[in-house]
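Trainee: let me see the structure of the following:
(chains A and B)
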Amino acid sequence: MFTSFGKYILLLRLSFKRPEKFKVYWAEIMREMVSVGIGSLGIIAIISVFIGAATTIQVAFQLASPLVPLSIAGKISRDSNILEFSPTISSLVLAGRVGSNFASQIGTMRVTEQIDALEIMGVNAPGYLISPKILASITMVPVLVIVSITLGITGGYIACLAGSEITPADYVAGVVDGFDGLTIRVALVKAFVFGFLIASICAYQGFYTSGGALEVGQSATRGVVYSCVMILFADLIITRLML
Amino acid sequence: MIEVKDIVKTFGENEVLKGISAIFQTGKNNLIIGGSGSGKTTMLKCIVGLHEPTKGQVFFDGENFTEMDFEQRVPIRTQIGMLFQNSALFDSMTVEENIMFPLNLFTNQSIAEKRDRANFCLERVNLKGRNKLFPAELSGGMKKRVGIARAISMEPKYLFVDEPNSGLDPKTSILIDELIAELTIEYQMTTVVVTHDMNSVMGIGDHIIFLHQGQKWWEGSNKEIAHTDNQELNDFVFASKFMQAAKEKL
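Mentor: This next block holds a predicted model:
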């Protein structure tokens, strides 16, 4: 485990060495940002709307009491979306979509000697392959989380329109009541850290793939599993430190 | 000229190369031949720095490549072209982008100049007009030729070729061999080819090194190889009935 961690740190150090030509790396960063950001928008939108709606219905159901104002459901739903569901669930889904893509892409390049070809040319392969992915992730995952928060709260509103547990007016009153900007800051810090973990762990797994197609699949699976575990671990640490 | 001095390479307990020394001359097709598992590809990877030798040194025109770090190796690496066994073209790039890739990173040429160079390299390997195809749309022989075009795009001083004929039909194999031989003379490169294809050996083998059990077992030219009394080399070269019949006619 310590050997793997050492290799991971060394790989990260190599990834952020000075690029051979910034223009070429910039093009790669832009390409990865489109792939991570635009490519993940659909799945993030779907899960956010459904989780937002389901959360609102469940909270309203649990708070069904004449002593509790119904607007509380909107408030709890908002904070749950901002603090936990949007950053964490979205990142777990992104680990599956984006992380497996990173690991299998780099792993395939390793087993088909494309990484060797880069090294022969004098290209710093970790820098060219990994740093654009990390930079794209730490930029686009926070953007996706903001989108997810917006759609999650919208999903809750749609649930109120479609159901009878809570009126839309009560829900909106709860959503705007006692909003604290710290929750957004926590969500963005989580998104930034989770984006880094997804890209770096999956890229590491891909980069050290050896063998053939079977091992590429195993690397992708390992990348997703390890990044999910690390996301949950980091989630706890950040929550503990910031709230 | 490339000089290899007493190269040893071990993987765990397994000693794959057992102290090999050789000199690869400029403007010649230097072939490394041997049976499967004899250490040919390992030797090639040690020379180009994809494997670090356990012991020994590699000199590129007198410069000790083994003792250099990554940064120091870059100027030499930009003078190296390599064709991999499976061509190793970048899947996400078109043929033209593959050829222009090293030019994008290591030259300050304009886009028009880089495109001209890519077109020239493609024309040189008889693939004119295939610029916009992706590697997945190419046959095995075409991939090899694009690999060669990419390898020569920076006008290298050293060309390394790993199993250029694997998976190719005999006619395409000969075309690839002839192309390598022509380019070696045209660019005055030091060319090192790893192969076990006897057509290549007899066709373009100016200088041949035969590896056996991780050691240099024999060294000579394609003219000398037919008359050698080295038992292991004879067993390797004349393994097929066709080659045995050819030897009898010599």
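
Trainee: ok, for the closest residue to chain B within chain A, nearest residue in space, not its chain neighbours?
Mentor: Here chain A gets closest to chain B at one residue, residue A:122, 3.4 Å apart by C-beta to the nearest C-beta. The C-beta positions use only the backbone N, C-alpha and C, and glycine is treated the same way. Spatial nearest neighbour of residue A:122, excluding adjacent residues (C-beta to C-beta, 6 or more residues apart in numbering or on different chains): residue B:77 at 3.4 Å.

Trainee: state the pLDDT value of the one you found.
Mentor: For residue B:77, the pLDDT comes out at 94.

Trainee: go on, residue B:237?
Mentor: 82.

Trainee: residues contacting it?
Mentor: By C-beta atoms under 8 Å, 6 or more residues apart in numbering or on different chains, the contact set of residue B:237 is B:198, B:201, B:225-226, B:243.

Trainee: and residue A:55, what does it touch?
Mentor: Counting by C-beta under 8 Å, 6+ apart, residue A:55 touches A:77, A:80-81, A:85, A:152, A:156.

Trainee: just after whichever strand or helix holds it, pick out the following helix or strand.
Mentor: Here residue A:55 is covered by helix A:39-62, with elements defined by DSSP states H and E. Next along the chain after helix A:39-62, taking DSSP H and E as the criterion, comes helix A:71-80.

Trainee: so what secondary structure elements neighbour that following helix?
Mentor: Here helix A:71-80 touches helix A:39-62, helix A:131-162, helix A:168-176, going by 3 or more C-beta pairs under 8 Å, 6 or more residues apart in numbering or on different chains; DSSP states H and E.

Trainee: let me see the mean pLDDT of it.
Mentor: For helix A:71-80, the mean pLDDT works out to 94.

Trainee: which SSE is immediately downstream of it?
Mentor: Next along from helix A:71-80, by DSSP H and E: helix A:90-94.

Trainee: how far does that next one sit from the chain's center?
Mentor: 5 Å (C-alpha atoms, centre = their mean, to the nearest Å).

Trainee: what parts of chain A come near chain B?
Mentor: A:20-21, A:23-24, A:108-109, A:112-114, A:116-117, A:119-124 (C-beta under 8 Å from any C-beta of the partner chain).

Trainee: contacts only, for residue A:210.
Mentor: Residues counted as contacts of residue A:210 (C-beta under 8 Å, 6+ apart) are A:110-111.

Trainee: assumed it was part of a helix.
Mentor: No - counting by DSSP: H, G, I helix; E, B strand; the rest coil, residue A:210 falls outside a helix, being coil.

Trainee: picking that back up, of the residues of chain A next to chain B, buried ones?
Mentor: Taking 16 or more other C-beta atoms under 10 Å in any protein chain shown as the criterion, what is buried in the residues of chain A next to chain B is A:20, A:108-109, A:112-114, A:116-117, A:119-124.

Trainee: do you know how far the residue nearest in space to the middle of chain A is from residue B:123?
Mentor: Geometric centre of chain A, nearest residue: residue A:91, 2.7 Å, by C-alpha atoms, centre = their mean. Relative to residue B:123, residue A:91 is positioned 49 Å away (C-beta to C-beta, to the nearest Å).

Trainee: equivalent analysis for residue A:58, please.
Mentor: Residue A:58 is 67 Å from residue B:123, where distance means C-beta to C-beta.

Trainee: give me the more crowded residue out of these two.
Mentor: residue A:58 (16 against 12; other C-beta atoms under 10 Å in any protein chain shown).

Trainee: now do the contacts for the more buried one.
Mentor: Here residue A:58 is in contact with no residues (criterion: C-beta under 8 Å, 6+ apart).

Trainee: what's the spacing between it and residue B:204?
Mentor: Counting by C-beta to C-beta - residue A:58 and residue B:204 are separated by 74 Å.

Trainee: cool, residue A:223 as well?
Mentor: Using C-beta to C-beta, we find residue A:223 at a distance of 44 Å from residue B:204.

Trainee: and the two? Which one has more around it.
Mentor: Ranked by neighbour count (other C-beta under 10 Å), residue A:223 and residue B:204 place residue A:223 first, with 29 against 25.

Trainee: tell me the contacts of that one?
Mentor: Shown in contact with residue A:223 (C-beta under 8 Å, 6+ apart): A:99-100, A:102-103, A:201-202, A:204-206.

Trainee: could you rerun that using 7 Å?
Mentor: A:99-100, A:103, A:201-202, A:205-206 (C-beta atoms under 7 Å, 6 or more residues apart in numbering or on different chains).

Trainee: what does residue A:195 give?
Mentor: With C-beta under 7 Å, 6+ apart, residue A:195 has these contacts: A:137-138, A:141-142.

Trainee: swap in residue B:221?
Mentor: By C-beta under 7 Å, 6+ apart, the contact set of residue B:221 is B:205-208.

Trainee: what's the burial count for the closest residue to residue A:211 other than its chain neighbours?
Mentor: Using C-beta to C-beta, 6+ apart and skipping the chain neighbours, the partner closest in space to residue A:211 is residue A:111 (6.5 Å). Residue A:111 has 19 neighbours, counted by other C-beta under 10 Å.

Trainee: got a list of what residue A:111 touches?
Mentor: With C-beta under 7 Å, 6+ apart, residue A:111 has these contacts: A:209, A:211-212, A:215-216.

Trainee: can you check residue B:41 too?
Mentor: Residue B:41 sits in contact with B:162, B:194, where contact means C-beta under 7 Å, 6+ apart.

Trainee: name the element it belongs to?
Mentor: helix B:40-48.

Trainee: packing partners of the helix or strand following that helix?
Mentor: Under the assignment DSSP H and E, the closest C-terminal helix or strand after helix B:40-48 is strand B:55-60. Packing partners of strand B:55-60 (3 or more C-beta pairs under 7 Å, 6 or more residues apart in numbering or on different chains; DSSP states H and E): strand B:2-11.

Trainee: what does the following helix or strand past the strand it packs on rub up against?
Mentor: Following strand B:2-11 in sequence order, the next helix or strand is strand B:14-24 (DSSP H and E). Here strand B:14-24 makes contact (C-beta under 7 Å, 6+ apart) with B:1-10, B:30, B:39, B:42-43, B:46, B:190, B:192, B:209, B:214-216.

Trainee: for strand B:14-24, buried residues please.
Mentor: Buried residues in strand B:14-24, counting neighbours by 16+ other C-beta under 10 Å, are found at B:16-18, B:20, B:22, B:24.

Trainee: ok, so of those, who is nearest residue A:48?
Mentor: Residue A:48 lies nearest to residue B:16 out of these, by C-beta to C-beta, at 54.2 Å.

Trainee: correct me, but residue A:190 touches residue A:235?
Mentor: Yes - assessed by C-beta atoms under 7 Å, residue A:190 is found in contact with residue A:235 at 6.4 Å.

Trainee: what about the residue of chain B found nearest chain A, neighbour count?
Mentor: Of all residues in chain B, the one sitting closest to chain A is residue B:77 (3.4 Å; C-beta to the nearest C-beta). Neighbours of residue B:77 under the rule other C-beta under 10 Å: 25.

Trainee: since that was my last question, I'll sign off now.
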